[in-house]
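what follows is a predicted protein model with its sequence.
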Amino acid sequence: MKASIPRPRAPTPLPVWLIAVWLVVLTPALAQNWQTAQAPGFVVRYVGRADALHLPDVFRVLQKARQDLQTMGLSLPPIVRVVIHPNLKSYTASTRLPWFVLAAAHRSKNQIDSQRLRVLRERGTLERTLRHELFHLAQPEGWPRWKAEGMAMRFAGEQPVARPLEAITEAELERLLTNPPDRETLRRAMATAYRWTSRLVRSIINGLSAIDHRRN
């Protein structure tokens with residue numbers, strides 16, 4: 001005769017009130033309390049008071065950059081959205097970019113995604129980062145990546161922080177700028193783009209000088 005095996009008891013359902021309490025406790029961790037600030041031409045989304053404290057500086061930089069771009073004959077979209085992510089997880093989930101890329105411009109959405117303003121402040125790159133990404137939203141269509149990055153650096157007042165890559169093809173440079181394997185490689189690729197655009201600008205200036213000289 002086989003011994004009878006007791007059946008496991010079905011789990012007792014949690015009380016509705018306890019489930020409600022858990023949802024209240026977990027909601028702040030699962031959903032960010034996004035807030036919005038606006039100024040002419042710009043909408044900034046952020047989370048928390050720490051980033052809100054820097055918004056006057058952010059709008060000042062954005063509006064000055066729009067004026068500078070207009071002076072250059074470049075136009076931004078009528079409304080640019082800037083999303084300040086509250087943490088690295090939010091930023092990387094939205095952009096699919098590594099931690100060492102501080103911000104990214106999305107031309108199809110007229111939007112810039114950025115890491116915490118405190119991070120940019122601590123690195124002394126708040127103004128340069130915003131100007132760099134705004135240039136990408138205004139740059140002409142069809143530019144190769146190296147030209148776009150090099151000219152954005154020049155507009156932002158950035159200087160290379162690493163040695164340029166030597167004996168590299170344009171295709172390889174484009175690949176490294178699009179999908180850098182690490183921070184140092186990105187820095188060297190950006191320095192290369194800066195060097196190439198500097199040569200391009202010099203050749204244009206020399207060509208214009210030669211034309212003026214022949215006219216005179």
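Arrived safely.

grab the nearest non-local neighbour of residue 34.
residue 45 (5.4 Å; CB to CB, 6 or more residues apart in numbering). For glycine as for every other residue, the C-beta is placed from the backbone atoms N, C-alpha and C.

could you do residue 92 as well?
Per CB to CB, 6+ apart, closest to residue 92 is residue 99, 6.8 Å.

for the one you found, which three-state class applies?
Secondary structure assignment for residue 99 (DSSP: H, G, I helix; E, B strand; the rest coil): coil.

so it sits against residue 87, correct?
No. With contact defined as CB atoms under 8 Å, residue 99 does not reach residue 87; the gap is 11.0 Å.

helices of the protein, start to end?
For the chain, the helices defined by DSSP state H cover 16-30, 49-52, 55-71, 88-95, 117-122, 126-138, 145-156, 170-178, 183-215.

could you dump those to JSON lines with mean pLDDT, mean neighbour count and distance to residue 108?
Output for the helices of the chain, formatted as JSON lines (pLDDT from 0 to 100; neighbours: other CB atoms under 10 Å; distance: least, CB to CB, whole Å):
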{"stretch": "helix 16-30", "mean pLDDT": "39", "mean neighbour count": "9", "distance to residue 108": "28"}
{"stretch": "helix 49-52", "mean pLDDT": "92", "mean neighbour count": "14", "distance to residue 108": "25"}
{"stretch": "helix 55-71", "mean pLDDT": "97", "mean neighbour count": "16", "distance to residue 108": "19"}
{"stretch": "helix 88-95", "mean pLDDT": "96", "mean neighbour count": "15", "distance to residue 108": "13"}
{"stretch": "helix 117-122", "mean pLDDT": "92", "mean neighbour count": "16", "distance to residue 108": "24"}
{"stretch": "helix 126-138", "mean pLDDT": "98", "mean neighbour count": "22", "distance to residue 108": "10"}
{"stretch": "helix 145-156", "mean pLDDT": "98", "mean neighbour count": "21", "distance to residue 108": "15"}
{"stretch": "helix 170-178", "mean pLDDT": "97", "mean neighbour count": "15", "distance to residue 108": "16"}
{"stretch": "helix 183-215", "mean pLDDT": "82", "mean neighbour count": "14", "distance to residue 108": "22"}
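
who wins for proximity to residue 164 among these?
Across these, residue 164 has its closest neighbour in helix 183-215 (4.2 Å, CB to CB).

residue 198 reaches residue 150, doesn't it?
Yes. Here residue 198 lies in contact with residue 150, judged by CB under 8 Å, at a distance of 7.3 Å.

per-residue pLDDT, the residue nearest to residue 34?
Predicted confidence (pLDDT) for residue 45: 98.

and the gap between residue 53 and residue 186?
Going from residue 53 to residue 186 by CB to CB, to the nearest Å gives 29 Å.
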